[in-house]
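J.: fold the following.
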Amino acid sequence: MSKETRLNDEDAPVSPEIEGHVVDAETPDNPAPISNSEKGPYCEPEEVAEQDIQRPAGSPDPESSSRVHSIFTPAQRSYIAVSITLAAFFSPVSTNIYLPALNTLVRELSVSISLMNLTLTSYLIFQALAPMFMGDFADTAGRRPAILLCFAISVAASVGLALQTNYLALFIHRCVQAVGSSPTIVLATGVVADVATSDQRGTYIGWITAGALLGLAIGPVVGGVLTQHLGWRANFWSLAIFSAAFLVSFAIFFPETGRHIVGDGSHPPQKWNISVITYLARKAVRRAEDSSAAFQAPTDAPRRPKLRFPNPIKSLVILREKDTLIILLTNAIMIGSFYDINVSVTSLFHDIYGYNDFQIGLCYIPFGAGACIGSIANGFLLDYNYSRIARELGVPIVHNRQQDLRHFPVERARLQTMFPLTFVSVCAIVAFGWVLHFRVSIAAPLVLLFISGATITGTVNTVSTLLVDLHPGKVATVTASNNLVRCLVGAGATAVISPMISGMGVGWCYTLIGFIVAATSPAMLVGIRSGPKRREQKRLNAEAQSAG
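T.: From the prediction side, this is the model:
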């Protein structure tokens, strides 16, 4: 095979009106075949346009768009990636920053630890429901206004939490805080679909997940320090301050990326949805001598949906797809084990090792660090496996061009990496329970926390990437479906973990959790084996319905 080449991002055309907008080419408006060649899966666009498709028997029939996927420059794309990673970072920070303060809150508010754990359960329930509304709102109004609304709610709720004086107020404000902070990961995934092609999405989603999991690591540490030295109210004041700072910077600099709003990036968003920096740039261009030419409206502007009240039912409709539901449920059970470990560390480490709030916060570092490293590494692994299978099948991959995945075994390309991760995670979960049962040195559970964090989040990253590939036109909605299933399972897991540990003992409790994860993971094979057939049948049914 001859030398492989990729098209540089800098070759993409830049819009004169909103310079650097990135847009996805995954729409029915822009289909165009990319053919195979003897030069391998990486081709220059000029070569691709002239080649004929020549496929071995049984190989997929890949197509790519002839238009660039994104007109953002690499620097602008990096800014977008950093911004949405920070947005995703705040969701787990809001969840976990007060975990080290649970014991303090139990004493100050005179409630039981089980009752205090209900604030975590209720948070997860609202974390499941809120993205269903915000995801549909983002698919209608745009990514930018949805993220701004989330942070405005989060700031208000954090201030309320800092000022509350009783358990009921704490409970209610935590629910409101979940409404504001939880959809950010869903919305960040939607931005990834706007700016990244299938061969890049694993890495992008890996960084987003890493940002979220960095919050998982930092949140308890910061919460422990603040609780120990300034009191638990400082946790929520810090959230309010930093969320407000992000809100202001996001409003000033972040552009709209939604494909249904800006099309290929050359179309301006709604007037009320323009960032401050974009507004000033447009105003400056209008004053230039050639302003009339620079702001000539493109003729192929996308048809924007009308603003309406968000419809959460759309997220439920996706659950009717058998393969998608199986994947989501299996992944949710894995997430449930993650929540069980995360929630129980506070009480277990306090009872077994006698640690204070600050020391417990430090013990979350290996868990979060493993999750971050595992997420980033798995993102690169997903993109590598995708490219490897494409090479095997002779499928051309052109950088910054979106492939047609109708006949590509994307389920196999994504889910293959899950099985070794699941095996290691099950071993780590079971071992975690027994080292705590025998009260061995703190080093053992900390190492197992690192391994569990790395492997469990690798599976989360895998499923998130696959969902974006399978539902490119409704990414925020399908990600909200994923969030709904895993948060409801997680809410149940956090509600029963304390009674399970009390009734079974910590060793047998985590042995049962590991067994459940191991018993359900083979269901992922259904997606690998029947997913492509079902996707093709779904496409044919949709075409027949539209024709009839």
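J.: could you point out which element follows whatever helix or strand T511 lives in?
T.: Assigned by DSSP states H and E, T511 belongs to helix 506-520. Scanning forward in sequence from helix 506-520 by DSSP H and E, the next helix or strand is helix 524-547.
J.: using CSV, list the CA coordinates for the helix holding T511.
T.: The C-alpha coordinates for helix 506-520 follow below in CSV (Å, rounded to 0.1, in the frame of the first residue of the first chain):
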residue,chain,number,x,y,z
VAL,A,506,-19.2,-4.8,51.6
GLY,A,507,-17.4,-7.8,50.1
TRP,A,508,-20.5,-9.8,49.0
CYS,A,509,-22.2,-6.5,48.0
TYR,A,510,-19.6,-5.6,45.4
THR,A,511,-19.3,-9.3,44.3
LEU,A,512,-23.0,-9.2,43.4
ILE,A,513,-22.5,-5.9,41.5
GLY,A,514,-19.6,-7.3,39.6
PHE,A,515,-21.7,-10.5,38.7
ILE,A,516,-24.6,-8.3,37.4
VAL,A,517,-22.2,-6.3,35.2
ALA,A,518,-20.5,-9.5,33.8
ALA,A,519,-23.9,-11.2,33.2
THR,A,520,-25.3,-8.3,31.2
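J.: residue ranges with poor pLDDT in the stretch 251-400 of the chain?
T.: For the stretch 251-400 of the chain, the stretches with pLDDT under 70 are 263-266, 287-307, 397-400.
J.: give the buried residues for the helix or strand V285 falls within.
T.: Following DSSP H and E, one finds V285 within helix 276-287. Applying a neighbour-count criterion of 16 or more other C-beta atoms under 10 Å, one finds T278, R282 buried in helix 276-287. Yep, even glycine has a C-beta here, placed from its N, CA and C like the rest.
J.: picking up where we left off before, what packs against the helix holding T511?
T.: In terms of contacts (3 or more C-beta pairs under 8 Å, 6 or more residues apart in numbering; DSSP states H and E), helix 506-520 is packed against helix 322-353, helix 418-437, helix 475-504.
J.: may I see those arranged in JSON lines, with mean neighbour count and distance to Q177 as well?
T.: Below are those laid out as JSON lines (neighbours: other C-beta atoms under 10 Å; distance: least, C-beta to C-beta, whole Å):
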{"stretch": "helix 322-353", "mean neighbour count": "21", "distance to Q177": "17"}
{"stretch": "helix 418-437", "mean neighbour count": "21", "distance to Q177": "29"}
{"stretch": "helix 475-504", "mean neighbour count": "22", "distance to Q177": "14"}
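J.: which of the ones you listed sits closest to P532?
T.: The closest of those to P532 is helix 322-353. By C-beta to C-beta, the value is 9.9 Å.
J.: returning to what we had before: angle of the helix holding T511 against helix 418-437?
T.: 170 degrees (axes from the mean of the first three to the mean of the last three C-alpha atoms, to 10 degrees).
J.: that older thread, in CSV: the helices and strands packed on helix 506-520, plus distance to R107.
T.: CSV is the format used below for the helices and strands packed on helix 506-520 (distance: least, C-beta to C-beta, whole Å):
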stretch, distance to R107
helix 322-353, 12
helix 418-437, 24
helix 475-504, 17
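J.: closest one to A156 among the ones you listed?
T.: Among the helices and strands packed on helix 506-520, if distance is taken as C-beta to C-beta, the winner is helix 475-504, at 21.8 Å.
J.: what is that closest one packed up against?
T.: helix 113-141, helix 183-195, helix 313-317, helix 322-353, helix 443-470, helix 506-520.
J.: tell me the secondary structure of P269, please.
T.: Three-state call for P269 (DSSP: H, G, I helix; E, B strand; the rest coil): coil.
J.: buried ones in stretch 381-394?
T.: L381, L382, D383, N385, Y386, S387, I389, A390, R391, L393, G394.
J.: gap between the nearest residue to S530 once chain neighbours are set aside and V526?
T.: If the residues on either side of it in the chain are set aside, S530 comes closest to D323, at 6.4 Å by C-beta to C-beta, 6 or more residues apart in numbering. With distances taken as C-beta to C-beta, to the nearest Å, D323 is found 6 Å from V526.
J.: now swap in I429 and tell me
T.: Taken as C-beta to C-beta, the span from I429 to V526 is 23 Å.
J.: how about L247?
T.: Applying C-beta to C-beta to L247 and V526 gives a distance of 42 Å.
J.: now stretch 119-129: average pLDDT?
T.: Mean pLDDT, computed over stretch 119-129, is 84.
J.: how about the CA coordinates for it, as PDB?
T.: What follows is stretch 119-129 as a C-alpha-only set of coordinates in PDB (Å, rounded to 0.1, in the frame of the first residue of the first chain):
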ATOM      1  CA  THR A 119     -30.300  14.200  47.900                       C
ATOM      2  CA  LEU A 120     -28.000  12.300  45.600                       C
ATOM      3  CA  THR A 121     -30.800  10.100  44.400                       C
ATOM      4  CA  SER A 122     -33.100  13.000  43.600                       C
ATOM      5  CA  TYR A 123     -30.200  14.800  41.900                       C
ATOM      6  CA  LEU A 124     -29.700  11.800  39.600                       C
ATOM      7  CA  ILE A 125     -33.500  11.700  38.800                       C
ATOM      8  CA  PHE A 126     -33.500  15.300  37.700                       C
ATOM      9  CA  GLN A 127     -30.200  14.700  36.000                       C
ATOM     10  CA  ALA A 128     -32.000  12.100  34.000                       C
ATOM     11  CA  LEU A 129     -35.000  14.200  33.100                       C
END
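J.: any idea which helix or strand carries N311?
T.: Using DSSP H and E, no helix or strand contains N311.
J.: contacts only, for it.
T.: Applying C-beta atoms under 8 Å, 6 or more residues apart in numbering to N311 gives the contacts D136.
J.: and the gap between it and L488?
T.: From N311 to L488 the distance is 19 Å (C-beta to C-beta).
J.: got it, and Q359?
T.: For Q359, the distance to L488 - C-beta to C-beta - is 32 Å.
J.: then G219?
T.: From G219 to L488 the distance is 22 Å (C-beta to C-beta).
J.: mind listing which of the buried residues of stretch 381-394 are in helices?
T.: L381, L382, D383, N385, Y386, S387, I389, A390, R391, L393 (DSSP state H).
J.: fine by me, thanks again.
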